[in-house]
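Peer 1: no FASTA, just this:
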C-alpha cells in the first residue's frame, strides 16, 4: 500500500492483470486493507469497472460478496 492507499489489487485491477487478481484472490493474499478505497475514494472494483475489465470486476464483485456473507471467497 502506498501513501495514497493504492495497493497491489488496485494496480492489477486498473491495468487489467486478470491473472494477478485471480492469484491474489485465490490464495487469499489480500487482506482487508486491499479492499479499502484509496485517497481518491476508489476501490479496486471501481478501477476495473472504469477501465472496462468486466471479468476482473466480476471476480472482485463475487469475492467481495462472499467476504460479506462470511464464506471466505469464491474466486474461480
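Peer 2: Good, I have the coordinates. Here the structure is a predicted model, which is why all the values come from computation and not from measurement.
Peer 1: Give the residue spans of this structure that score low on pLDDT.
Peer 2: Within the chain, the ranges that satisfy pLDDT under 70 run 33, 65, 67-76.
Peer 1: hey, where'd the strands end up in it?
Peer 2: Under the criterion DSSP state E, the chain contains no strands.
Peer 1: Could you point out the longest helix of this protein?
Peer 2: helix 54-68 (DSSP state H).
Peer 1: what separates that one from the chain centre, distance-wise?
Peer 2: 8 Å (C-alpha atoms, centre = their mean, to the nearest Å).
Peer 1: Name the residues of it that are buried.
Peer 2: Under the neighbour-count criterion of 16 or more other C-beta atoms under 10 Å, helix 54-68 has 56-57, 59-60, 63-64 buried. Yep, even glycine has a C-beta here, placed from its N, CA and C like the rest.
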